[in-house]
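*Asks:* sequence and predicted structure are below.
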Amino acid sequence: MLTLRLPDGSTRQVAGGTRPREVAEAIGKRLARDAVAAKVDGTVVDLDRELPEQGEVAFAVLTDKDADALAVLRHSCAHVMARAVLRLFPGAQLAFGPALANGFYYDIDSPTPIREEDFPRIEEEMRKIVAGAEPFERFERPTPEARALCQDMGQGYKIEHIDDDLKQYPTLSFYRQGEFIDLCRGPHIPHAGKIGAFKLVSIAGAYWKNDASRKQLQRLYGTAFFSQKDLDAYLHQVEEAKKRDHRVLGKQLKLFTISQMVGSGLILWMPKGATVRGILESFIKDELVKRGYQPVYTPHIGRLELYRTSGHFPYYRDAQFPPMWGHDFASIADLHLEQLFKWYNHPDRDSTLIDDAFFAMAQKYVSHFPFEKYRNATSWLAKAGLLKEWLHDLDSYLLKPMNCPHHIQIYKAEPRSYRDLPVRLAEFGTVYRSEQTGELSGMTRVRGFTQDDAHLFVTPEQIEAEVGANIDLVLFVLSSLGLSDYRVRIGLRDPASDKYADVGDPADWDKAEKTLLDLVAARGMNYTAEKGEAAFYGPKIDFVVRDCIGREWQLGTVQLDYNLPKRFDLEYIGKDNTAHKPVMIHRAPFGSMERFMGILIEHFAGAFPLWLAPEQARVCPVSEKFSDYGKKVEAELKPHGLRVSGDYRPEKIGYKIREAQLEKIPYMLVVGEKEQTAGTVSVRDRVDGDLGAMPVAELVARLEAEVREKRIRQVSTATTGLADDTARYAE
RNA sequence: GCUGCUGUAGCUCAAUGGUAGAGCGCGUCCUUGGUAAGGACGAGGUUUCGGGUUCAAGUCCCGACAGCAGCUCCA
């Protein structure tokens, strides 16, 4: 006998090996009809999976009301889509096809590429399959047989998956639906007829096993719901979310622009955007003064030697703008070195061609390069080595990819005593990174950006308090702006990755990682610890938010670093009158002004709270006759530091209101005959509408209070994910 | 960087291989008004750039550049 603990708290005795379907039938006809899957001790299973023989389990029948059921439905819909594709694209091979937070995808390798034009006929085929309402039938095979079955079906990726990841299991499960069989862990809905509505969304490339060195497959995205109504609501929500896109609003509200003449990924802040940014910067600066930071300014470039010492140059070469070599030959040699590597990856290229071009250029410029040695080198590796070595002896300047090396030099500029620590050096430091073209995105991923950066040099005893204070600072900043929809990620090193191979002592890493984990745990914060997410010099705590289409972006960050102090040989004199190594904390509560602004635009849907609004109020005279009075009101508000403008065009009041409303100006000040006579203004609130007339002094008091309190009246927190990285890998 | 899609007026978008259009915005004039769009007229284009096919290219082909979506990357 098996005891089931039902969601209502009651228990029920059933025979061992009973199926959830039978339990549902026993409970009620309607439940049996609506059942989609079941949940046993937190695990979602098919309705036909046998329950344990004995003991006691938590048991629930899942219907279309449960989020878990929706995920099952979507995974099943992925199978339906794959089945349709196999019918229409013979020879197509299937890779992975999981459910996502808002839909599903299936990675497919088809001999004839699938195009968006094919969506209607794939959907048509899917409709037929759904109408057929055939059941999803689970069966298991011993792993060698399972492999053979995949071979029979010509599904090479499934075989590779078995060989790579599933060999340790004695048996593997498949799901059959009509002629379609797929290696799959499940669970699935009882039959395809449960899929009430679905839609293919997009198609994109995706690498097999997420590895850029492997074959690129086609990833078909779709979504599915229990009803057409839910699908329509979702699509509507997606459309609404897109209206908040900072790239759209940034243009509409004249906050920023990007010019191809300046370059892609380089943000030009327009006056209104710059106003918001300026206020945010002042806000942070005020906090930093209170928290014992000292301002510094450092230049935008630095010697290559600086970044060789810090490790940035060797580690992130690809992501940096090339060094400004002091010697023309160096840039040629640098380019040549790159070509050598390319040539190595494409052995069909003729290396003598590169060499000839190289020599022709090189001999014009330089005599102290070991030409003979280079010519006689027998392997590409030897050539690359010579070039590298020679280049390494040359100095140059680099656009700074990070601020820390500069700040470190300020620390080093004077002898430090333990009495001076912690030293907290802060700067809105602008950095440049040559991000891959495919990565650039509005303000959220750019090539030049300003970090609200600071570096803290502390004694080991101070780490806990200082990291803790910085976590608090980030939380304070986020809450000041009403940003509550974020997650906390602790980035740890991945010992298997060579990214961390040469930097730092494993003991220091362990110590640093433990410190961060302990601090966050002590605060009771929810977090995920992710391997391989650490910076190359140390672990970090990141605050991650989502944009309007569901992509995740790191904003605030606090990073602990034992390594750069060693690389730069930093020290302070301790109580014992001997030199000690300080520990560094890198931190940026906003992250970058650009990215933060982009997220903030979406967060407020462009309707900034009064304290941030680039234009706080606009005077709108009812007719030109009252322009003079309007200008008088404007002049009375400005000395209070209020950002006020006036609309004195010969337009009707309705038109002026509409424009101000679309520009998301918090207050519209209507003045006409009545106001002029009474010496008042009629106040229209962006959110609440007409507030009636009031004296100017009352208006000033009202606005000043709202600014002082940094009052937030409207936010748009609902994010709609078209994409989601919490994919459930149910193969 | 990879795969796919896209690139037409300041913005959003039309235009079967045959004279490039609309709405909004902009300018001028009329209108002087009471809380989300008054009216008239007008200016505005090397259809991203470079090649090619064709009697003829915004339209078809190739390449570059840029944007979008996804993948990879992200100090």
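*Replies:* Alright, I've got the coordinates.

*Asks:* and the stretch 601-731 of chain A, which of its residues are near RNA strand B?
*Replies:* A:622-625, A:650-655, A:657-658, A:661-662, A:668, A:670-675, A:682, A:684, A:689-690, A:693, A:722-723, A:725 (C-beta under 7 Å from any atom of the strand). C-beta here means a position set from N, CA and C on the backbone, and glycine is covered the same way.

*Asks:* can you say which of those are buried?
*Replies:* Buried members of these, scored by 16 or more other C-beta atoms under 10 Å, are A:622, A:651, A:653, A:657, A:668, A:670-672, A:675, A:682, A:684, A:693, A:722-723.

*Asks:* just to be sure, which of the residues you listed are found in helices?
*Replies:* Counting by DSSP state H, those place A:653, A:657, A:675 in helices.

*Asks:* check what pLDDT the last one gets.
*Replies:* Spelled out, it's residue A:675. pLDDT recorded at residue A:675 is 96.

*Asks:* am I right that it is in contact with residue A:693?
*Replies:* Yes - using C-beta atoms under 8 Å, residue A:675 is in contact with residue A:693, at 6.1 Å.

*Asks:* nearest to RNA strand B: which residue in chain A?
*Replies:* Residue of chain A nearest RNA strand B, by C-beta to the nearest atom of the strand: residue A:438 (2.1 Å).

*Asks:* burial count for that residue?
*Replies:* 7 (other C-beta atoms under 10 Å).

*Asks:* ok, residue A:170 next?
*Replies:* Residue A:170 is flanked by 8 other residues according to other C-beta under 10 Å.

*Asks:* ok, it touching residue A:140?
*Replies:* No - using C-beta under 8 Å, residue A:170 makes no contact with residue A:140, being 9.4 Å away.

*Asks:* quick one on the thing from earlier: what do residue A:675 and residue A:693 both touch?
*Replies:* Common contacts of residue A:675 and residue A:693 (C-beta atoms under 8 Å, 6 or more residues apart in numbering): A:681-682.

*Asks:* so who does residue A:160 touch?
*Replies:* Going by C-beta under 8 Å, 6+ apart, residue A:160 touches no other residue.

*Asks:* what do you get if the cut-off is 10 Å, keeping everything else the same?
*Replies:* Going by C-beta atoms under 10 Å, 6 or more residues apart in numbering, residue A:160 touches A:95, A:150, A:208-209, A:214.

*Asks:* and those, which of them are buried?
*Replies:* Using 16+ other C-beta under 10 Å, the buried ones in these are A:95, A:150, A:208-209.

*Asks:* RNA strand B contacts on the stretch 401-550 of chain A?
*Replies:* Proximity of the stretch 401-550 of chain A to RNA strand B, by C-beta under 7 Å from any atom of the strand, involves residues A:401-402, A:433, A:435-442, A:445, A:499, A:533, A:535-536, A:549-550.

*Asks:* tell me, how many residues neighbour residue A:478?
*Replies:* The tally of other residues near residue A:478 (other C-beta under 10 Å) stands at 19.

*Asks:* all strands of the stretch 551-700 of chain A, in order?
*Replies:* Under the criterion DSSP state E, counting those that start in this stretch, the stretch 551-700 of chain A contains strands at A:552-561, A:572-573, A:579-580, A:583-588, A:617-621, A:644-646, A:667-671, A:680-685, A:689-695.

*Asks:* tell me which helix or strand in chain A has the weakest average pLDDT.
*Replies:* Using mean pLDDT, DSSP states H and E, the weakest-scoring helix or strand in chain A turns out to be helix A:351-365, at a mean of 61.

*Asks:* so residue A:154 is in contact with residue A:111, correct?
*Replies:* No - using C-beta atoms under 10 Å, residue A:154 makes no contact with residue A:111, being 11.2 Å away.

*Asks:* between the two, what contacts are shared?
*Replies:* When contacts are counted by C-beta under 10 Å, 6+ apart, residue A:154 and residue A:111 have A:90-93 as shared neighbours.

*Asks:* now those: which count as buried?
*Replies:* The neighbour count (16+ other C-beta under 10 Å) marks A:92-93 as buried among those.

*Asks:* touching stretch A:142-155 from outside, list them.
*Replies:* Outside stretch A:142-155, the residues that touch it by C-beta under 10 Å, 6+ apart are A:86, A:90-95, A:109, A:139-141, A:156-163, A:166-174, A:180-183.

*Asks:* same thing with stretch A:162-174?
*Replies:* For stretch A:162-174, the external contacting residues (C-beta under 10 Å, 6+ apart) are A:46, A:137-147, A:149-151, A:153, A:155, A:158, A:161, A:181-187, A:209, A:729, A:731.

*Asks:* try it again at 8 Å.
*Replies:* By C-beta under 8 Å, 6+ apart, the list of residues contacting stretch A:162-174 from outside reads A:138-143, A:146-147, A:149-150, A:181-186, A:209.

*Asks:* list the buried ones in it?
*Replies:* Within stretch A:162-174, the residues scored as buried using 16+ other C-beta under 10 Å are A:162, A:166, A:172-174.

*Asks:* next one: stretch A:570-581
*Replies:* For stretch A:570-581, a neighbour-count test (16+ other C-beta under 10 Å) marks A:570-572, A:580-581 as buried.

*Asks:* alpha carbons of that stretch, as PDB, please.
*Replies:* Below are the C-alpha coordinates for stretch A:570-581, written out as PDB (Å, rounded to 0.1, in the frame of the first residue of the first chain):
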ATOM      1  CA  LEU A 570      51.000  46.700  -3.100                       C
ATOM      2  CA  GLU A 571      51.700  47.000   0.500                       C
ATOM      3  CA  TYR A 572      50.900  48.800   3.700                       C
ATOM      4  CA  ILE A 573      52.900  49.000   6.900                       C
ATOM      5  CA  GLY A 574      51.100  47.100   9.700                       C
ATOM      6  CA  LYS A 575      51.000  47.600  13.400                       C
ATOM      7  CA  ASP A 576      54.100  45.400  13.600                       C
ATOM      8  CA  ASN A 577      56.100  47.800  11.400                       C
ATOM      9  CA  THR A 578      56.400  45.300   8.600                       C
ATOM     10  CA  ALA A 579      54.900  45.400   5.100                       C
ATOM     11  CA  HIS A 580      51.600  43.600   4.400                       C
ATOM     12  CA  LYS A 581      49.600  43.000   1.300                       C
END
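
*Asks:* rounded mean pLDDT for that stretch, please.
*Replies:* According to the model, stretch A:570-581 has a mean pLDDT of 96.

*Asks:* contact partners of that stretch?
*Replies:* Outside stretch A:570-581, the residues within contact range by C-beta under 8 Å, 6+ apart are A:408, A:411-412, A:415-418, A:420-421, A:457, A:459, A:562, A:564-566, A:582, A:584.

*Asks:* which residue, other than its chain neighbours, is closest to residue A:369?
*Replies:* Excluding its sequence neighbours, the residue lying closest to residue A:369 (C-beta to C-beta, 6 or more residues apart in numbering) is residue A:390, at 5.9 Å.

*Asks:* the one you found belongs to a strand?
*Replies:* No - counting by DSSP: H, G, I helix; E, B strand; the rest coil, residue A:390 is not found in a strand; it is helix.

*Asks:* in contact with it, which residues?
*Replies:* A:333, A:369-370.

*Asks:* most neighbours, which of these?
*Replies:* In terms of neighbours by other C-beta under 10 Å, the contacts of residue A:390 top out with residue A:333 at 24 neighbours.

*Asks:* what segments of the stretch 101-250 of chain A are strands?
*Replies:* Counting by DSSP E, counting those that start in this stretch, the strands of the stretch 101-250 of chain A are A:103-109, A:137-142, A:171-177, A:180-183, A:197-207, A:216-225.

*Asks:* out of those, which one sits most buried?
*Replies:* strand A:103-109 (a mean of 24; mean count of other C-beta atoms under 10 Å).

*Asks:* for it, packing partners?
*Replies:* Packing partners of strand A:103-109 (3 or more C-beta pairs under 8 Å, 6 or more residues apart in numbering; DSSP states H and E): helix A:67-88, strand A:93-94, strand A:197-207, strand A:216-225.
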